[in-house]
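Student: Show me the folded form of this:
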Amino acid sequence: MTETDWEDDVRDSSTSPENQGSARTAGSGALAVRYGRTAAGARKSRLFFLVSAAIFAVILVAWVVWAGLDSSGAAFEAKDTGHTVVDAHSVSIDFTLTAPPGTSAACALQAQNQSFAIVGWKVIEIPASTERTRGFTQVVRTTDMAVTGLIYRCWLT
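Tutor: Next comes the predicted model:
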């Protein structure tokens, strides 16, 4: 069959309404083979997608178990509960400390002025206790009028 015969065959079969679907299928099959869109390629793509989704699901479940279902909670936490400006050169800072019983800690407290500059700083040592959560009030001396007092950081010692 020559090239012109083939073109005539395709033209004849594609013009009749009953053969239009089969001509498209034959043409699209040739294009699929030419550009690598075969059934085997589709299976590989589907397999790759399913394996990727399964790996993602396993990682997600592992993270939820590790992070979400871990019921130990926060073992060490410090929270500001308030402050009172005593005078132009001191501020009183109220805070709670939650730590495992029997552990000592230290906290750095700071006082800031209206420009957020640190005008007072104090590191305090907190002895071990049998209680898990305790409240504290500390006075921090300042070099200028403070507008706030807060915890900078706490750590176990």
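
Student: rest of the way, CA atoms for contacts and neighbours
Tutor: Noted.

Student: Kindly confirm my reading that Gly135 is in a strand.
Tutor: Yes: counting by DSSP: H, G, I helix; E, B strand; the rest coil, Gly135 is part of a strand.

Student: which residue packs closest to it, ignoring adjacent ones?
Tutor: Spatial nearest neighbour of Gly135, excluding adjacent residues (CA to CA, 6 or more residues apart in numbering): Thr96 at 4.3 Å.

Student: how distant is the helix or strand containing Ile55 from the center of its chain?
Tutor: Assigned by DSSP states H and E, Ile55 belongs to helix 39-63. Its chain's C-alpha centre and that of helix 39-63 lie 23 Å apart, by CA atoms, centre = their mean, to the nearest Å.

Student: That helix packs against which elements?
Tutor: Judged by 3 or more CA pairs under 8 Å, 6 or more residues apart in numbering; DSSP states H and E, helix 39-63 is in contact with no other helix or strand.

Student: ok, how many other residues are close to the residue nearest to Gly135?
Tutor: 16 (other CA atoms under 10 Å).

Student: how much space between it and Thr130?
Tutor: Using CA to CA, to the nearest Å, we find Thr96 at a distance of 15 Å from Thr130.

Student: same deal with Val65?
Tutor: 31 Å.

Student: same check, this time on Leu109
Tutor: From Leu109 over to Thr130 (counting by CA to CA), the distance is 23 Å.

Student: Of these two, which one has the most company?
Tutor: The residue with more neighbours, out of Leu109 and Thr130, is Leu109; 21 against 11, by other CA under 10 Å.

Student: who touches the residue nearest to Gly135 in this structure?
Tutor: Counting by CA atoms under 8 Å, 6 or more residues apart in numbering, Thr96 touches Ala78, Lys79, Asp80, Thr81, Thr133, Arg134, Gly135, Phe136.

Student: What strands line up against the top strand by length along the chain, and which way round?
Tutor: Using DSSP state E to define each element, the chain has its longest strand at strand 77-87. Sheet pairing for strand 77-87, assigned by DSSP bridges, gives strand 90-98 (antiparallel).

Student: For the helix or strand just after the strand it pairs with, enumerate the helices and strands it packs against.
Tutor: Later in the chain than strand 90-98, the nearest helix or strand by DSSP H and E is strand 105-112. With contacts taken as 3+ CA pairs under 8 Å, 6+ apart, strand 105-112 sits against strand 118-126, strand 133-141, strand 148-156.
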